[in-house]
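[1] Dropping the sequence and predicted coords here.
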Amino acid sequence: MSRTQFPSTPLEAVAGIPDGATVLVGGFGLAGMPFALIDALIEHGARDLTIVSNNAGNGEVGLAALLRAGRARKVICSFPRQSDSFVFDELYRAGKIELDVVPQGNLAERMRAAGAGIGAFYCPTAVGTPLADGKESRVIDGRTYLLEYPIRGDFALIAASCADELGNLVYRRTARNFGPVMATAAGTVIAQVSDIVPAGSMDPEAVVTPGIYVDRVVRVASHSRLDEVAR
């Protein structure tokens, strides 16, 4: 029997996320962003969150809306500044939010390490830059590496195309970005999907995130503009 729960609404899906939680949020820009879950998290009201994502929000939707609502105290991401990241930029310049910049490959690998039970790993990325400050280094075969630690989340909010009744997930094209690795790195994984199908109707070879990693799945109506972005 599946342990995955199927709440009726996004607000029910994010219930129990406490103040101060570390939340992994899928998405590469707008593609694969769990908009319905983020909106529900804003309504839910949790504060002082640490948000881990690829960037720090676009425009005034999704993560940017969460930041604008004052719910995050810290962002861990790879791309905090881009042409439409004005919400984060304003908050950071005003000293209202903390930032930890992590190179994109390291961000993904540190979450993968958390899911794989790896205590730490050495990586050459960021050697000789300010991002190396305070990190242990080691020379291996004549090359300098930095010691990196896993990034774990209390919760992960991800978006997939479809789930089955066992919680198995498939993704659509570029919407498959950080969701799969985040699903392995969080204590509670919450997924929004466009459709839920009977168990056994998915091609097992198409399943990217097995249901064993997924705690809650909520079906949300498709948003044509966001679906178009995800393509």
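    Nice, thanks for sending it over. Numbering: from 1, shown residues only.

[2] OK, contacts around the residue nearest to the spatial centre of the chain?
    When Cα atoms, centre = their mean is applied to the chain, the residue found nearest the centroid is residue 25 (2.4 Å). Counting by Cβ atoms under 8 Å, 6 or more residues apart in numbering, residue 25 touches 33-34, 38, 51-53, 63, 156-158, 182. No exception for glycine: its C-beta is placed from N, CA and C like everyone else's.

[3] Generate a ChimeraX selection restricted to the buried subset of these.
    A single ChimeraX command selects the buried members of these (16 or more other Cβ atoms under 10 Å):
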select :33,34,38,51,52,53,63,156,157,158,182
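
[4] Could I get the contacts of residue 25 in TSV, plus columns for pLDDT, distance to residue 107 and secondary structure?
    Below are the contacts of residue 25 laid out as TSV (pLDDT from 0 to 100; distance: Cβ to Cβ, whole Å; DSSP: H, G, I helix; E, B strand; the rest coil):
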residue	pLDDT	distance to residue 107	secondary structure
33	94	16	coil
34	97	17	coil
38	97	19	helix
51	98	12	strand
52	98	8	strand
53	97	9	coil
63	94	15	helix
156	98	14	strand
157	98	16	strand
158	97	15	strand
182	97	10	helix
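
[5] Out of the helices and strands in the protein, which is least certain?
    Least confident helix or strand of the chain, by mean pLDDT, DSSP states H and E, is helix 224-230 with a mean of 44.

[6] What distance do you get for the residue nearest to the centre of the chain to residue 136?
    Residue 25 sits 28 Å away from residue 136, taking Cβ to Cβ, to the nearest Å as the criterion.

[7] What of residue 7?
    Taken as Cβ to Cβ, the span from residue 7 to residue 136 is 42 Å.

[8] Please say which of those two ends up with more neighbours.
    More neighbours surround residue 7 than the other of residue 7 and residue 136, with 16 against 12 (other Cβ atoms under 10 Å).

[9] my read: the more buried one touches residue 36, true?
    No - using Cβ atoms under 8 Å, residue 7 is not in contact with residue 36, being 11.7 Å away.

[10] Between those two, which contacts overlap?
    Common neighbours of residue 7 and residue 36 (Cβ under 8 Å, 6+ apart) are residue 218.

[11] longest helix in this structure, by residue count?
    Counting residues, the longest helix in the chain under DSSP state H turns out to be helix 104-116.

[12] And the pLDDT at the residue of the chain most remote from its centre?
    Largest separation from the mean C-alpha position in the chain: residue 142, at 35.0 Å (Cα atoms, centre = their mean). For residue 142, the pLDDT comes out at 97.
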